[in-house]
Every structure is written in structure tokens, then in C-alpha cells.
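# from the sequence below, what's the structure:
(chains A and B)
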Amino acid sequence: MRFLYGLSTSLADDYKNAAVETIMFAIEHNFNVVEIFCETPDVLPDKINQSRILEINKLARENNLRIQIHAPFHSLNLASFNSRIRKASIEIIKDTIILANKLRAPIVTFHLGLCFLPCQIDRESALKLLVESLGEIIEFAKEYDIILAMENRGGKLDIGRLEDLLYVLDEISDEKLKVTFDVVQANAVGDPLEYYESLKRSIVNIHVSDSPRGKSLLLAVGEGEINYRELVTRLIRDKIPAPLIFEVSNKDKAIKSRHVLERYISDLISE
Amino acid sequence: MELNLSYLDLFLIPPYLSTHNIENIVNEIKDTIHNIKFTIRAPSFSENLASILSSIRDVTIKEYIETIEIAHRLSLDGVIIKPGMMFHTEKKCKADIMKIFEENLRKLTELASHYGVKLFLENYYYPYEILRRAESFSYMYELIKDYENVGFALNIPHLLESRSSVDFLIRNCNDKVLSKIKLIYLGLRPSPWEKSEYIQSITHSYYEFIKLRKKIKPEYIVAASIDPTVTKLLIDYLRESA
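Okay, the predicted model is just below:
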């Protein structure tokens, strides 16, 4: 089994040219995937121009690079009690799906939402609203043949804990709804290996960075306390076909992370 | 009525309290408690005047304008808004985003002035908030100083949660900036707008208020909590100190 390694455009130095800058770096350093974070000014789903789309498609095609998409998430809330915010959030995800289709990206990663005061008092209703929002988005994604990958989150206000994802997967059993496993977000609130075991049947994408236990820093693999050696062993054992996307604090850490993971794999093979 | 209040701060949280039912609720309260004054908080959770996403900015502006219009129509004293948040992308594109933010804020301050409605900007505690610690009050003051009807709603629990304090605020903001604080929120840390069991923080919040009251004379003081016991306790403290 060979892993696909990828970079998030959140690594870019110049956010006004984040997608192309990251793609050029990925080509230069032989990465296989670029995950475009659609919250930078060059690729906002409702603002991106046609020439930028053509440029990204050309670079990806000529260099055999896979493109995938991360939807905007700040201020979005698919579980909001405020119907205006919820509708705006749904529309932004739909625009992102359309963009993914134009960029021939098979996966759109997205966040479920946030739990503010009304949700803190009545989480059950918030989750029902979330499922309703997702139903609409999944139907839309089907028209474009896009897989939606909900990301686990560990922030204080985030909806995205393991139990939230399992609830959603239980409520919506649809082949178009999968999971982006963010290892460091799982580490912030629990044991990443437990998250992995509970979610592995649905994982189609993995965000990789390292951190001390209980935190969500963006360190290179090996610089924190996450047991990546064991995680890689299980990914190979379970034949999980998910790219490993480095969401670290700079490009050097992405290269370092890939090097460390390849060493773990090499050790496994030699064992 | 039981607490003998002269003023209420309403928080628009759709669908519970929204543009659809606010008028009836205000009228009902006015019928029960004569001469009561009101301020109203615009929806303030995901709202962001500084978002890089135009649709989020548009929803925010729309909600804030509607709230100002409601205040005008129902003769409420003022409107409280959350100015905005600068996440990673917004920080990376700060110059462009701040232009958009300042333009949006100007629209709102002018509308509020036009209607004779007071507009108060509230501080929040997350690291990405535009109005958070003492230095951000000074920055924001420059944007609002020419508008007599525009000021700050100082949320003391938020101030404390952002590792700041009233002492720090007094040391770092001149008298003109401090005089713009027209409304004060007291409550539990981390926030009156979150579920909290940090009951001990009530006294901290109160003593910070006492320090500030020696320096300024706010027009409105709000005991804010989702727990009625906490609200009542705060009101008792405030009455004793008066």
C-alpha cells in the first residue's frame, strides 16, 4: 500500500495566491495532493475567476496532482438556530461543491458547526437542524458526484466530537457522506487511535500534524506526542485509502512530516 | 416586576426572540412595567462584519440594520453589536479586511445616528475578536469618536477572560476612550452568553465593576446570566453598592 501525501493551501505565505503557490511547491517537492482551503481570497467559492480555475486545472493535470477542497468554515454553522446563518452556511457549502466540480476535486471537507448559547441549552435540537442542513447539502453534492467529508473538531464551541460524527453517520447513512479524520483535533479532546477505530469505515481523508497530548498545535510529525507509528500501522492494516494531508505550520514541517512517516513505513516493511 | 427593574436588555436569539415576535414582547412588557427602558442586542454568535466571506458579512449587516430599525420603531434606547472577528485568513489580509470592516461599521453608525438610536460595540474574549483588550478599545475609539450616539458596551467577564482587567484598561486607555463606555455587562466568566458554572467569578466581575465606576458613569448596567439566581444575586450586589 502506497500513501498519497498532500499539502493544505493554509501553508501558503501569500494568501492572495495561496492555491497556485502551494501547487507549485507540491510539484517541486513531489507531493501527490493539494487540498485547497477555500477561505483565501484567490479561491473564495463565489468569487473565484475562470482564469484561476483554468490555471489550477492545467497545473494539476500536467503534473498528475490530485486536487481536493476544504470548504470555508469560520462563521459557518450548519446547526445554527438562526435560519439566516444556517441558510448562508448551506449556500456557501453548495458554492464550494460547484467549485469542487469545476476543479475536478472528488472530496469536499467541511465542518459541521458551532454550539453557541441556544445549542448549549438544547443540543438535541441543534443536531436535528444539522441533520436537516446536511440532507439538503448531500442531495446537492450527488448532482455533482462529490463526496462530502465532515471533519472531527475539538474546539470548545465546535460540533464535531466523536459522538457528534457518530450521531450524524447513524442518522444519515449515505455513501456520499464520509469523514475527514483530523488527527490533532482528535488529540485535543481524546485519543486519536480511539477516534480512528470508531470512524475508520468512513474515513476518506486525513489531516496530519502533531501536538502534545490534549492540544492541537500544528507541529511536524514526531515533534509532538501523537502515536503516528501505530496510526500508520493501522492504516496499512485496514487498507484505508485516504490521502494524508499535512496541515502544519509551515512547508518545512510538511516535508519533515512526510520523511518521518516514510521512515515508519520503511520500519514496518523491514519488520 | 418582582425585581423592580427600570431597564431591560433584550438579546435577539432567533427563533426564540426574533424580528417576528419582538414587537409583541416589548409591548407586553411595557404594559406590565410602565416607563421601563430597553436596549437590544443584535444576534451575535456567528455574525462577523469583518468576515472574508461576503455572504456572512451581508447577513450580519442585514441583522444589525434590522435591529437598529426595530430599536427606532419601538423607541428602544440602544443597540448592542459584536464588531467582528479576524480569523487566520482575515489577519493575513488585514489591510483589505479592515477597510471593509471600517466601511461596514460606518454604515451602521450613520444609520443609528440618523434614527437617534444609541449604538454600543461589545468586547468579546476569543483571541480573534476585533474588540477584545485595552488596545483594541483605543483603536475602535478612533472609528467612533465623531459619533455622539456610539459607544462601548464593556463586558467585564469577557474582559477578564481575555486576561485583561479594569486596571489594565484604565492604564492603557485615556479618559476620552473610557468615557465612551456607556453600558456595562456583569456576569459569570467566561461569558454571560455561554452556559457557565463558574459561580465564584461573580465577585471578581463585581469588584472590577466597582473599580471602573470610580472612573466613569455608565448609563446602563446589565446583570447578565442565563441563570436567574445569578442575575438576582448580581442585582442585589448592585443595589447594595448603590
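# and the nearest residue to A:Met1 once chain neighbours are set aside, how far from A:Gln185?
Nearest non-adjacent residue to A:Met1, counting by Cβ to Cβ, 6 or more residues apart in numbering or on different chains: A:Ile236, 5.3 Å away. Backbone N, C-alpha and C define where each C-beta goes, glycine included. Plainly put, A:Ile236 is 22 Å away from A:Gln185 if you go by Cβ to Cβ, to the nearest Å.
# so which of these two has more stuff around it?
More neighbours surround A:Gln185 than the other of A:Ile236 and A:Gln185, with 26 against 15 (other Cβ atoms under 10 Å in any protein chain shown).
# other SSEs contacting the helix or strand harbouring the residue nearest to A:Met1?
Per DSSP states H and E: A:Ile236 is located in helix A:228-238. Under the contact criterion of 3 or more Cβ pairs under 8 Å, 6 or more residues apart in numbering or on different chains; DSSP states H and E, helix A:228-238 touches helix A:192-199, helix A:251-270.
# chain center to the helix or strand following the shortest one: distance?
It stands for helix A:192-199. Toward the C-terminal end, the helix or strand that comes next after helix A:192-199 (DSSP H and E) is strand A:203-208. Remark: strand A:203-208 is offset 6 Å from the chain centroid, using Cα atoms, centre = their mean, to the nearest Å.
# where along chain B do the helices fall?
In chain B, the segments counted as helices under DSSP state H are B:22-32, B:54-73, B:88-92, B:94-115, B:134-144, B:156-161, B:166-172, B:175-179, B:201-213, B:228-241.
# would you mind finding the most buried of the ones you listed?
Comparing these by mean neighbour count (mean count of other Cβ atoms under 10 Å in any protein chain shown), helix B:156-161 comes out on top with a mean of 24.
# identify the spatial nearest neighbour of B:Leu160, chain neighbours not counted.
B:Arg189 (5.8 Å).
# what of A:Asp174?
Of all residues not flanking A:Asp174 in the chain, A:Ile138 sits nearest, at 5.4 Å (Cβ to Cβ, 6+ apart).
# which residues of chain B score low on pLDDT?
B:1-2 (pLDDT under 70).
# from A:Phe181, how far out is the residue of it positioned farthest from its centre?
For chain B, the residue at maximal distance from the C-alpha centroid (Cα atoms, centre = their mean) is B:Lys92, at 27.0 Å. B:Lys92 is 26 Å from A:Phe181, where distance means Cβ to Cβ.
# likewise for B:Ile56?
In terms of Cβ to Cβ, B:Ile56 sits 27 Å off from A:Phe181.
# next one: A:Ser257
Counting by Cβ to Cβ - A:Ser257 and A:Phe181 are separated by 15 Å.
# who touches whichever strand or helix holds A:Val20?
Using DSSP H and E, A:Val20 sits within helix A:18-28. With contacts defined as Cβ atoms under 8 Å, 6 or more residues apart in numbering or on different chains, helix A:18-28 is touched by A:6-14, A:31-34, A:36-37, A:40, A:42-43, A:52, A:55-56, A:59-60, A:63, A:65, A:251.
# all helices of the stretch 1-150 of chain A, in order?
Secondary structure of the stretch 1-150 of chain A (DSSP state H, counting those that start in this stretch): helices at A:18-28, A:50-62, A:83-102, A:117-121, A:123-143.
# who in the stretch 1-150 of chain A is up against chain B?
A:10, A:15-16, A:39-41, A:44, A:46-47, A:72, A:74-77, A:80-85, A:88-89, A:91-92, A:114, A:116-118, A:120-121 (Cβ under 8 Å from any Cβ of the partner chain).
# burial of B:Tyr39, as a residue count?
Careful, residue B:39 is Thr and not Tyr. By other Cβ under 10 Å, neighbour count at B:Thr39 equals 24.
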